[in-house]
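Undergrad: Quick one, fold the following:
(one chain, ligands or ions: 1)
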Amino acid sequence: MGRGVGFGKVILFNEHFVVHGVPGIAAALDKRLVCETVLEPGQGWVLDDLRDPELKQGFEREWDKFKGAVDAILGAAGVDTSANRIRIRLRGDVLPASGMGWSAAFSVALARAVADEFGLNLTDEQIFQLALEGERVYHGLPSGIDPLVATVGGVVWFVKDKPNRFEKLKLPIPMRIVVAYSGVPSDTAKAVAGVRERKEQFKQKYDQIFEEANALVNEAKAALGSGNWERVGELMNRNHRLLQEIEVSCEVLDRMVGLARSAGALGAKLTGGGLGGCVVALTPDEELQEQVAQKFDEAGYRAVRALVGGST
Ligand code: MEV
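TA: Got it, this is the predicted structure:
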């Protein structure tokens, strides 16, 4: 039997900008997906989805991408599925909401399980590369920040480069956040393609916004490192404004960001691909976290209370 774990994630700063080489900061959530593989007589692979029923809702609509990602990961790992059938057992509590890194968490969990099953002895870098094959099926040409944080956990500073660069950031104490799902699925590949087009078309304007994003993420790194949550919150708000300017926010996300701020969050922004998907709100203490999460719940959004920069 093989077993592997991948973390759900939230992007704290610079989604989209990160695709173009600007640093981004992401954090692993204390939510994860677990894959177990069992070899049995037969060929190909089958899925035992052992997640809670509410986490499986709508999964059939994603089946083609899921199947494509499994095939891509098994193929890249050199697994011969004609000798045995692989039963993939899937467990875990990552909400399948675009923005929380479900596909990256799954891709990493499967890559780790397969490596374990076949004794491949892979490094984290190799696991990341395998998971990236799965991510490409879901998202086209991703930066790699999602599978990186799903692989290594913690809070990560990431630069897409050749080779990619990353650094784990140490927070003085873990940070409480609320991630809330708008109920509108986000098409990350489409949003990324839109930014690419507009960046070419409105070069001067976009160059300026990208420069601001670059300066901002450096300030965010310092603020996170010193546990200056007020400052982190302000920078999240500014980051949301930049994301609005590159047109990846939308009415529902702006409304949710407003709701979080008026409920007392120190900062809030969209997180992930945008144009739907999720927002993240900074709520350092437990009471504030509960207050903001409840506001989201009352307004009909799905809120996840999470702790980042702790043991994950
Ligand atoms: C998606 O979680 C984050 C994006 O920046 C895309 C990527 O980095 O691959 C929008």
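
Undergrad: In contact with I145, which residues?
TA: Shown in contact with I145 (C-beta atoms under 8 Å, 6 or more residues apart in numbering): 11, 15, 18, 24, 26, 156, 158, 160. For the C-beta atoms, the positions are set from N, CA and C on the backbone; glycine is no exception.

Undergrad: Check L148 too.
TA: Per C-beta under 8 Å, 6+ apart, neighbours of L148: 26, 128, 156, 158, 164, 166.

Undergrad: Pull up the pairing partners for the lengthiest strand in the chain, direction included.
TA: Criterion DSSP state E: the longest strand present in the chain is strand 24-40. Applying DSSP bridges, strand 24-40 is found paired with strand 2-13 (antiparallel), strand 85-92 (antiparallel), strand 155-159 (antiparallel).

Undergrad: Looking at the ones you listed, which is nearest to V217?
TA: Nearest to V217, of all the strands paired with strand 24-40, is strand 2-13, at 5.0 Å by C-beta to C-beta.

Undergrad: contacting residues around the helix or strand encompassing V178?
TA: V178 is part of strand 175-181, with elements assigned from DSSP states H and E. With C-beta under 8 Å, 6+ apart as the test, strand 175-181 has contacts from 10, 27, 29, 95, 97, 99-100, 224, 229, 232, 256, 260, 265, 271, 277-286, 288-289, 292-293, 296, 301-309.

Undergrad: any residues touching whichever helix or strand comes after it, and which ones?
TA: Beyond strand 175-181 on the C-terminal side, the first helix or strand identified by DSSP H and E is helix 188-201. Residues outside helix 188-201 that contact it (C-beta under 8 Å, 6+ apart) are 16, 19-20, 98, 138-142, 206, 210, 246-248, 272-275, 277.

Undergrad: returning to what we had before: pick the most buried one from the strands paired with strand 24-40.
TA: Most buried of the strands paired with strand 24-40, by mean neighbour count (mean count of other C-beta atoms under 10 Å): strand 2-13, with a mean of 26.

Undergrad: Could you export that strand as PDB, keeping only the C-alpha atoms?
TA: What follows is strand 2-13, C-alpha atoms only, in PDB (Å, rounded to 0.1, in the frame of the first residue of the first chain):
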ATOM      1  CA  GLY A   2       1.100   3.600  -0.700                       C
ATOM      2  CA  ARG A   3       0.100   6.700   1.200                       C
ATOM      3  CA  GLY A   4       0.500  10.400   0.500                       C
ATOM      4  CA  VAL A   5      -0.700  13.700   1.900                       C
ATOM      5  CA  GLY A   6      -1.200  17.100   0.100                       C
ATOM      6  CA  PHE A   7      -2.100  20.400   1.800                       C
ATOM      7  CA  GLY A   8      -4.900  22.700   0.800                       C
ATOM      8  CA  LYS A   9      -3.600  26.300   0.400                       C
ATOM      9  CA  VAL A  10      -4.500  29.900   0.300                       C
ATOM     10  CA  ILE A  11      -2.600  32.600  -1.600                       C
ATOM     11  CA  LEU A  12      -2.000  35.500   0.800                       C
ATOM     12  CA  PHE A  13      -0.300  37.800  -1.800                       C
END
